[in-house]
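Engineer: what would the 3D arrangement of this be:
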Amino acid sequence: MNNNYVAAIMKISSPTTPKRVLCAALILVAATLSACSDKAKDKKPGQALASVNGEEVTVLQLNEELQRAGVSAAQQDAASKQLLQVLIDRQLLEEAAAKENLDRDPKVMQAIDRARALIIAQAYLQKRIGNVAKPTPAEVEEYYNKHPEFFSNRKQFSMNELVISANDLTPELRSAADHAKSLEEVAVWLDAHKIKYGRNQVTRSTADVPPQLSSKLLGMPKGQLFVVKEGPRAMFITVADIKDAPVNLAVASNQIQQFLMNRKNKELAAAELKRLRADAKIVYLNKSMVPDPKSAPASPAGAAPSSAVANADPAAPAAAVPEGTAPADNASGPDKAALDRGVAGLK
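Structural biologist: Next comes the predicted model:
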């Protein structure tokens, strides 16, 4: 193909050919060669996996999905077929939404702008933070020794609960609970007043709950009733049993190591935001939105990738506990779940 175009140019470029004609021919040839090159790239074997109404689904898109899903090498063949169907469905939905002009909906456009801003901010922080060095065995052991309540001296609480809607926690019910000698007496009162409730048997540990609540639970006699309010629900709880549930250094080591790396990433992210704020000119046009100088700066967690910003340090004091902050759920096995929460931040 190239030789034919060269021959054509040779024929056109005779001494008598006007310059305007020659220039036009050269532009046309260049554009044609470029188009051929682009088509060759588009048709590169293996790049397109499927075509949905003329729009290609590519290997790059599939690889991105595989990476985000964390698929192991042994499972990639089966997962690839499933994820390709997911990509095809996504393309179909996107096309259907575009036909109804949903891509121009103000709320959708705002969400897209927010997602774009977050992705760019995350990429910048990830580049600036880089890969934090793994903590040494001595650093891991030091953290383990400094927090026996999470590990060597960990206690496990077995508790019984009655769960109601927070709206049903009236002064009358509080008074009845104060005079009740057991959880069953509270249940009888709830039945008499036709208040719906659920029963739970749960296990918590000193790694699952804020230090103030943990101390409160350890100091309670078995069977003592107390109330916890958590968002839309309230719970009447009694501690049925308390037992030792230690975790040794060998078991805790990997989780502690990850926590220390995450904490370092969080510190680096906070330092970078502090530097950017110091160099920036920030003007609050609405004076009522000016932050209180005494208040803590906003956390960078919303702008940084999860691998770069960790949860709060579990060694830090927890906030005051009104009526006892509800412990976190323990859904995936007491030891592993409690250990993970112990080193990843109290909830």
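Engineer: report the longest helix in this structure, please.
Structural biologist: helix 249-279 (DSSP state H).
Engineer: now that helix: how far from the chain's centre is it?
Structural biologist: Its chain's C-alpha centre and that of helix 249-279 lie 16 Å apart, by C-alpha atoms, centre = their mean, to the nearest Å.
Engineer: so residue 62 sits in a helix?
Structural biologist: Yes. With DSSP: H, G, I helix; E, B strand; the rest coil as the criterion, residue 62 is part of a helix.
Engineer: please name the residues that touch it.
Structural biologist: Residues in contact with residue 62 (C-beta atoms under 8 Å, 6 or more residues apart in numbering) are 49, 80, 83, 84, 87. C-beta here means a position set from N, CA and C on the backbone, and glycine is covered the same way.
Engineer: packing partners for the longest helix of the chain?
Structural biologist: Applying 3 or more C-beta pairs under 8 Å, 6 or more residues apart in numbering; DSSP states H and E, we find helix 249-279 packed against helix 106-129, helix 137-146, helix 334-344.
Engineer: in TSV, list these along with mean neighbour count and distance to residue 174.
Structural biologist: Below are the helices and strands packed on helix 249-279 laid out as TSV (neighbours: other C-beta atoms under 10 Å; distance: least, C-beta to C-beta, whole Å):
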stretch	mean neighbour count	distance to residue 174
helix 106-129	12	42
helix 137-146	14	39
helix 334-344	20	30
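Engineer: could I get those as TSV with mean pLDDT?
Structural biologist: Shown next, in TSV, are the helices and strands packed on helix 249-279 (pLDDT from 0 to 100):
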stretch	mean pLDDT
helix 106-129	94
helix 137-146	96
helix 334-344	41
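Engineer: burial count for residue 151?
Structural biologist: Residue 151 is flanked by 24 other residues according to other C-beta atoms under 10 Å.
Engineer: is it correct that it is in contact with residue 250?
Structural biologist: No. Assessed by C-beta atoms under 8 Å, residue 151 is found out of contact with residue 250, at 10.9 Å.
Engineer: for the longest helix of the chain, could you pull out the residues that count as buried?
Structural biologist: Within helix 249-279, the residues that qualify as buried are 252-253, 255-266, 268-270, 272-273, counting by 16 or more other C-beta atoms under 10 Å.
Engineer: now the angle from that helix to helix 106-129?
Structural biologist: 110 degrees (axes from the mean of the first three to the mean of the last three C-alpha atoms, to 10 degrees).
Engineer: quick one: mean pLDDT over helix 249-279.
Structural biologist: Averaging pLDDT along helix 249-279 yields 94.
Engineer: between helix 137-146 and that helix, find me the angle.
Structural biologist: 100 degrees.
Engineer: still on that earlier bit, need the helices and strands packed on helix 249-279 in JSON lines (columns: distance to residue 61).
Structural biologist: Output for these, formatted as JSON lines (distance: least, C-beta to C-beta, whole Å):
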{"stretch": "helix 106-129", "distance to residue 61": "16"}
{"stretch": "helix 137-146", "distance to residue 61": "39"}
{"stretch": "helix 334-344", "distance to residue 61": "32"}
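Engineer: of all those helices, which lies closest to residue 201?
Structural biologist: When these are compared by C-beta to C-beta, helix 334-344 sits nearest residue 201, at 12.5 Å.
Engineer: follow-up on the earlier one: out of the helices and strands packed on helix 249-279, which gets nearest to residue 236?
Structural biologist: Across those, residue 236 has its closest neighbour in helix 334-344 (22.3 Å, C-beta to C-beta).
Engineer: so what touches the helix or strand harbouring residue 86?
Structural biologist: Element membership for residue 86, per DSSP states H and E: helix 76-99. Outside helix 76-99, the residues within contact range by C-beta under 8 Å, 6+ apart are 49-50, 52-53, 55, 57, 61-62, 65-66, 69, 71, 103.
Engineer: low-confidence ranges, the stretch 1-150 of the chain, go.
Structural biologist: 1-46 (pLDDT under 70).
Engineer: check the gap between residue 276 and residue 52 for me.
Structural biologist: 41 Å (C-beta to C-beta, to the nearest Å).
Engineer: got it, and residue 112?
Structural biologist: The gap separating residue 112 from residue 52 is 21 Å, by C-beta to C-beta.
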